[in-house]
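Output the structure for:
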Amino acid sequence: MPAFESNLKRFESLNTQVLGMSIDHKFANRAWAESMGGISYPLLSDFWPHGAVAQKYGVFREENGMSERALFIIDGHGVIRYIDVHDIAEQPDVEQCFEELAKLS
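The predicted structure is shown next:
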């Protein structure tokens, strides 16, 4: 998430809205964002019903109630154009995200 924050101007230049989402409660999200030095883009909570959005996107782990770390690029028409799923311990490559966004231009 900090990598997306530090590249926010670059995302904006591509007419892209960055959103973060976590299955944690909104207060936990706020505390986490503050501990990272702040996140200026929206950080959404998928807390209740627990993980409902993650379930719909196929990235919810029933066995432990967590979600995978996933990146979705959704175009202006609401069509998912790119999906990148990682184990929770892995970080998505922000440069790969920019390469995928360039393909949509």
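
pretty sure residue 72 belongs to a strand, no?
Yes - judged by DSSP: H, G, I helix; E, B strand; the rest coil, residue 72 forms part of a strand.

Surely it and residue 78 touch.
No - Residue 72 is not in contact with residue 78 according to Cβ atoms under 8 Å; the separation is 11.2 Å. In this view, the C-beta of every residue, glycine as well, is placed from N, C-alpha and C.

more neighbours, the two?
Counting neighbours by other Cβ atoms under 10 Å for residue 72 and for residue 78 shows that residue 72 has the greater number, 14 against 6.

Dig out what the more buried one forms beta bridges with.
The partner list for residue 72 in beta bridges (DSSP bridges) reads residue 83.

What residues does it make contact with?
Contact analysis of residue 72 by Cβ atoms under 8 Å, 6 or more residues apart in numbering lists 57, 80, 82, 83.

Nearest to the middle of the protein, which residue? Look it up for me.
With distances taken as Cα atoms, centre = their mean, residue 20 lies nearest the centre of the chain, 4.0 Å away.

Surely it touches residue 41?
Yes - using Cβ under 8 Å, residue 20 makes contact with residue 41 at a distance of 6.6 Å.

so what sits against both of those two?
The contact sets of residue 20 and residue 41 overlap at residue 4 (Cβ under 8 Å, 6+ apart).

Tell me how many other residues crowd residue 2.
13.

no no, residue 90
10.

For the closest residue to it other than its chain neighbours, give its distance to residue 59.
Among residues not flanking residue 90 along the chain, residue 69 sits closest, at 6.3 Å (Cβ to Cβ, 6 or more residues apart in numbering). According to Cβ to Cβ, to the nearest Å, residue 69 stands 8 Å off from residue 59.

same question, residue 4
Residue 4 is 17 Å from residue 59, by Cβ to Cβ.

any chance you could map the helices in the protein?
2-6, 8-13, 26-35, 52-56, 94-104 (DSSP state H).

Tell me the pLDDT of the residue lying closest to residue 42 once chain neighbours are set aside.
Once flanking residues are discounted, residue 42 sits nearest to residue 19: 5.1 Å by Cβ to Cβ, 6+ apart. Residue 19 carries a pLDDT value of 95.
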